[in-house]
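[1] Give me a 3D structure for the following:
(3 chains)
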Amino acid sequence: MSFATSNEPTLEPSSEPVISARDVRVWYGTTRGAIRAVDGVSFDIAPGETLGLVGESGCGKSTLGRGLMGLLPPGAKRDGEVWYDGKDVLSMRAKDSYRLRGTDLGMIFQEPLTRLNPLLRISAHFEETIKQHEPGLSKQQVRQRALDALRQMGIPPTRYRSYPHEFSGGMRQRLMIALALVLQPAFIVADEPTTALDVLVEAQIVQILNDLRRNFRTSLLLITHNVGIVAEACDRVAVMYAGRIVEEGRVSDVFENPQHPYTRELLRSTISLRTTGLNFIPGSPPDLVDPPDGCRFHPRCPDAMAVCATRNPINIERPTGGRVECWQVGPRDQIPSGGTRPLKQEELAVADEA
Amino acid sequence: MRTLLRTLAKPFTETAGLARWMLVIGLVMTSLFVVLAIFAPWIAPYGFAQASSGGVDFPKAGAPSGDHWFGTDRLFFDVYSRTVWGARTAIEVVILSIVICVVVGVPLGLVSGYYGGWLDRVLVLVMDAMFAFPSFLLAIVFSFLLTGLLGGTVLAVALSLSAIYVPQYFRVVRNTTVSAKEATYVEAARAIGASDFVIMRRYLLNNVVQSVPVLGTLNAADAILTLAGLGFLGLGIQSTDAAEWGHDLNRALADAGSGIWWTGLYPGLAIVLLVTGLTLVGEGLNETLNPTLRVRRLLPVVMTPREER
Amino acid sequence: MTGSRSGSLPRYILQRVLLVIPMIWVILTLVFIVLRVAPGDPVSAALGGKLNDEALDQRREALGFNDPLIQQYWDYLTSVARLDFGTTFSDNQTVLHVVRDNGGATLSLTLAAFLIALLVGIPLGLVAGRYRDTFPDVAIRIFGILSYAAPIFFVGFLLQAYVAKPLGLPTSGSAGVETVYYMERDGLNRTHILLFDVFLSGNSYYIEDALKHLLLPAVTLGLLICGVFIRLVRVNILQTMQSDYVEAAEARGIAQGRVTRRHAFRNALVPVITVIGLQFALLLGGAVLTESTFNWPGLGQKLVEYINDRDYVAVQGIVTIFAIAVVLISLLVDIVNALIDPRVRY
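    As a prediction, this is how the structure comes out:
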């Protein structure tokens, strides 16, 4: 998979971010109470930049992506600010933020099979999408736009009038990407775009996503649980745990020199050629209806200190750029006296049962 | 005991919206008729085929009055009493036919699904053909046949109704059996040498019976309507054997043009109310148990003020 | 995956048509077992008491009831294949003749009822599903449940008692005596389907008369199916509204009204078409009751008459024809379904 022309992009880190989230929270209603799936998350994405969002299942990364798009189930609430093009998307009227979908904010989903209407031809999917946002285009122009988008994804024009079920899984995902790209949105959320695909197809899709930023200067929030994909396709990475971004920075930086114990353990548990044994993080992610006090990772953290169980960690600058939230990193002067003694995990288990 | 109650109340407590109220209202309506059926002799002032009381003949097609709340019909019967007794007939027939369905359909489905082979294929074919056939016509044909053999008894009608529903039970039980027999615990039982009978009774039956009550509720409403339909066509139970709403409506139809509304209205309303009650229970259960339709009851999300970070 | 293009549609239809033959065979066999093998002697059931023993035996011999069962079975199958469904005991007509004279009335009644049910039920179901748990949903669902729960003859009773009189609508038969008489006298009964014949005659008096007779029975029968449609459409809407492709369309910014119409409604209606085949069976059953309630001269009413006469041959013949009709309708439904839903055509 390669594209006709590809000029190396000139990424200026100083350029205005396309999208910038400030302290975003998304809570779900359940029968037990509110799940704090996303609980105070901030990030910026520059034009043409890809931010990888990694974490275990249930850490809130998908909810964050959907929250940005406004695709939330009934009973969910969100607050905070998401600035796009000088406006706060979250405080807009519902109608106005809906209008941004497709043209400005695009979305690529995990399961390409169920995301296409089985009764409509591919052509109908494209035509309704283009016509919705650019009603002035002639039939011929619409068709041309759609065929261009398909060609960029390596799908021959002869398949334009086929039905979704006539495509393979990888082709369907390329269709979904083409559908998202046809309107050339400035920002795309890709929610686990390769999880439902086999390894070879996965590599292909990662390559496509990788080329996006070069060819279209599209900003991408790539949500995945696969650290390898982040390494291949992202400029920066945000590690999410229990509804918070615990560490964020340039991919090479974070992966070579993880500051947060969770990042370190997550990277260690990834299988690579050098892996000699399997690593895993003991315990399971916390119940987000009633998250633990202090740092949410402290019950599973091998380096937990006394302060971690009582006080929220402070968001600070990483030594080599980016942000991190961990008492181990600092700031030392904020830790009360005696707070640095190691936390005994047994002690905790007893406290949990009480 | 408390956990049992909590499990039973689960469809109600864990769902939101209309469905839970449909369930409650349906249950209340249905139980009302069950009470009527059980206590009919005490609730109804007269017998279902009683045309006089204390040596005084009832009026013919008399309008509702203090003596006869719902009036009397052309056979001098008290409409109120017949309506109450009708509940007993309806519920008797429905319960009997569900019992027959279970006794016939469940073992057939188990054996067919467990052994497979040509027996399975033949049974599936026959049951599918019966299922495809218009159910009311099937009931007509069977009651035509059975009332010829057994007379217009409750048993004959219940058997005719079973003919409609047996294929459904067969299908559900067979399909559950086919998928359950591949389960590891069944394989394990077979490996330690359990006989086919033991496997079917101990392991498969448990799996299968869970779906039976739901099916029973769903079919009960339809069974009431079919019973009344047969009665209306004169194929069901005779007036003097038991009170049957459908048959009463048949006789009432001639009154419709002559301003005698009470002979048809009350048995008709009884059918509507009982069927509505059962339907509400069925739909309510469906919407509270079926995850694709269920609206879970969510606690409202109240975002707390931000903590200092 | 890519092999199944629309080119496989004719093959699918052919397969489906071929499947009809074994289906009909199984149903015929069932009918034979239930109506010929189980009851014993149909002749004495129908004519016992009317004829002496010798005459009864002659009838038995003539109808082949003294033959071995397997022979009777073979005769039954071959005569059905020749479209010979037997001759009735009670009024000595061929069943085919009975169907010709009465089938048209049943057909026009069921079609009219079906049309009413579609026109009322589908929009109501769409509204109820789209606006779930709001007032319209509650009202529509109560209407749907009541229209299913109220037996046909009770609705018929209510209409006859409270509606027919004030509006001056007839409650019996498919047309006035005069209409039937003059239509026949003037040779206007071309199709033997009264409703079609009056339209073909172009005479507005006949048309009005026939439509007036049709109104109450068709509404009564239509209400029954209407409730089923409402329920079905509503549930399907609820499911498609939650589907992934609806969310994906919303994520592409397609206007909400458009998403509802093009994605949710359209996709919800496809399974409805499938179930319509089953509703036809329900409709036939309902037609029997409607015809009895409104004295409608159709096959259903005829069937009830023959049942009361214990005329096994007539019952068997009519039931056989109903069964074949149901199988053919379900074939038609499947073909229509394949035309609409590309996934079916594998």
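[2] Please report how far A:Leu183 lies from A:Pro156.
    Separation of A:Leu183 from A:Pro156 (C-beta to C-beta, to the nearest Å): 22 Å. C-beta here means a position set from N, CA and C on the backbone, and glycine is covered the same way.
[3] and the residue in chain A positioned nearest to chain B, how many neighbours?
    Nearest residue of chain A to chain B, counting by C-beta to the nearest C-beta: A:Gly29, 3.3 Å away. Neighbourhood size, A:Gly29 [other C-beta atoms under 10 Å in any protein chain shown]: 20.
[4] Would you confirm that it contacts A:Ala37?
    No. With contacts counted by C-beta atoms under 8 Å, A:Gly29 stays clear of A:Ala37, the gap being 10.9 Å.
[5] what's the overlap in contacts for those two?
    Residues touching both A:Gly29 and A:Ala37 (C-beta atoms under 8 Å, 6 or more residues apart in numbering or on different chains): there are none.
[6] so A:Leu220 sits in a strand?
    Yes. Membership of A:Leu220 in a strand is supported by DSSP: H, G, I helix; E, B strand; the rest coil.
[7] center of the chain - which residue?
    Here I'm looking at chain A. Taking C-alpha atoms, centre = their mean, the centroid of chain A lies closest to A:Ile223, which sits 3.0 Å from it.
[8] Hmm, no, I was thinking of chain C.
    C:Leu284 (3.5 Å).
[9] surely that residue meets C:Ile324?
    No. With contact defined as C-beta under 8 Å, C:Leu284 does not count as touching C:Ile324 (11.8 Å).
[10] For the stretch 201-350 of chain A, which segments are assigned as strands?
    Counting by DSSP state E, counting those that start in this stretch, the stretch 201-350 of chain A has strands at residues A:219-224, A:236-241, A:244-250, A:315-317, A:323-325.
[11] Just send these back as JSON lines, with distance to chain B too.
    Formatted as JSON lines, these follow (distance: least, C-beta to the nearest C-beta, whole Å):
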{"stretch": "strand A:219-224", "distance to chain B": "22"}
{"stretch": "strand A:236-241", "distance to chain B": "15"}
{"stretch": "strand A:244-250", "distance to chain B": "9"}
{"stretch": "strand A:315-317", "distance to chain B": "6"}
{"stretch": "strand A:323-325", "distance to chain B": "8"}
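[12] ok, back up a step: from chain A, how far off is the residue nearest to the centre of chain C?
    30 Å (C-beta to the nearest C-beta, to the nearest Å).
[13] OK, contacts around the closest residue to that residue other than its chain neighbours?
    Spatial nearest neighbour of C:Leu284, excluding adjacent residues (C-beta to C-beta, 6 or more residues apart in numbering or on different chains): B:Pro134 at 4.6 Å. For B:Pro134, the contacting residues are C:281-282, C:284-285, C:322, C:326, by C-beta under 8 Å, 6+ apart.
[14] Tell me how far B:Pro134 lies from chain A.
    From B:Pro134 over to chain A (counting by C-beta to the nearest C-beta), the distance is 30 Å.
[15] and that residue, what pLDDT?
    What the model reports as pLDDT for B:Pro134 is 81.
[16] Settle it for me: which of A:Leu183 and A:Pro156 has more neighbours?
    A count of neighbours by other C-beta under 10 Å puts A:Leu183 above the other of A:Leu183 and A:Pro156, at 20 against 9.
[17] hmm, stretch A:159-172 touching chain C?
    Yes. On the criterion C-beta under 8 Å from any C-beta of the partner chain, stretch A:159-172 is in touch with chain C at A:162-163, A:165-168.
[18] For these, which two are the farthest from each other?
    A:Tyr163 and A:Ser168 (13.2 Å; C-beta to C-beta).
[19] higher neighbour count, those two?
    A count of neighbours by other C-beta under 10 Å puts A:Tyr163 above the other of A:Tyr163 and A:Ser168, at 22 against 14.
[20] residue of chain B with the smallest distance to chain C?
    With distances taken as C-beta to the nearest C-beta, chain B approaches chain C most closely at B:Phe136, which sits 2.7 Å away.
[21] for the longest helix seen in chain B, packing partners?
    With secondary structure taken from DSSP state H, chain B has its longest helix at helix B:79-115. Helix B:79-115 is packed against helix B:18-38, helix B:40-43, helix B:117-132, helix B:154-180, helix B:205-209, helix B:211-232, helix B:245-253, helix B:262-289, with contacts defined by 3 or more C-beta pairs under 8 Å, 6 or more residues apart in numbering or on different chains; DSSP states H and E.
[22] Distance from the chain centre to that helix, please.
    7 Å (C-alpha atoms, centre = their mean, to the nearest Å).
[23] who are the neighbours in contact with C:Arg231?
    The neighbourhood of C:Arg231, defined by C-beta under 8 Å, 6+ apart, consists of B:283, C:125, C:141, C:144, C:148.
[24] Please identify the helix or strand for the third one.
    Pointing back at C:Arg141 there. helix C:135-149 (DSSP states H and E).
[25] Name the residues that touch the helix or strand just after that helix?
    Remark: after helix C:135-149, the chain's next helix or strand is helix C:152-158, criterion DSSP H and E. Outside helix C:152-158, the residues within contact range by C-beta under 8 Å, 6+ apart are B:228-229, B:232, B:246, B:249-250, B:252-253, B:256, B:264-265, B:268, B:271-272, C:216-217, C:220-221, C:223-224, C:286, C:289-290, C:292-294.
[26] Then stretch A:262-271?
    Under C-beta under 8 Å, 6+ apart, the answer for stretch A:262-271 is A:54-56, A:227-228, A:239, A:241, A:246-247, A:254-255, A:258, A:278-281, A:297, A:301-302.
[27] switch to 7 Å and redo it
    Stretch A:262-271 is contacted by residues A:54, A:227-228, A:239, A:241, A:246-247, A:254-255, A:258, A:279-281, A:297 when judged by C-beta atoms under 7 Å, 6 or more residues apart in numbering or on different chains.
[28] Burial check on C:Phe143, number of neighbours?
    18.
[29] what stretches of the stretch 201-309 of chain B score poorly on pLDDT?
    Along the stretch 201-309 of chain B, the parts satisfying pLDDT under 70 run over B:209-211, B:214, B:289-301, B:305-309.
[30] Around chain C, which positions in it sit nearby?
    Within the stretch 201-309 of chain B, the positions adjacent to chain C are B:225, B:228-229, B:232-235, B:249, B:252-253, B:256-257, B:261, B:264, B:268, B:271-272, B:275-276, B:279-280, B:292-293 by C-beta under 7 Å from any C-beta of the partner chain.
[31] Mark which of these are buried, thanks.
    B:225, B:228-229, B:232-235, B:249, B:252-253, B:256, B:261, B:264, B:268, B:271-272, B:275-276, B:279-280, B:293 (16 or more other C-beta atoms under 10 Å in any protein chain shown).
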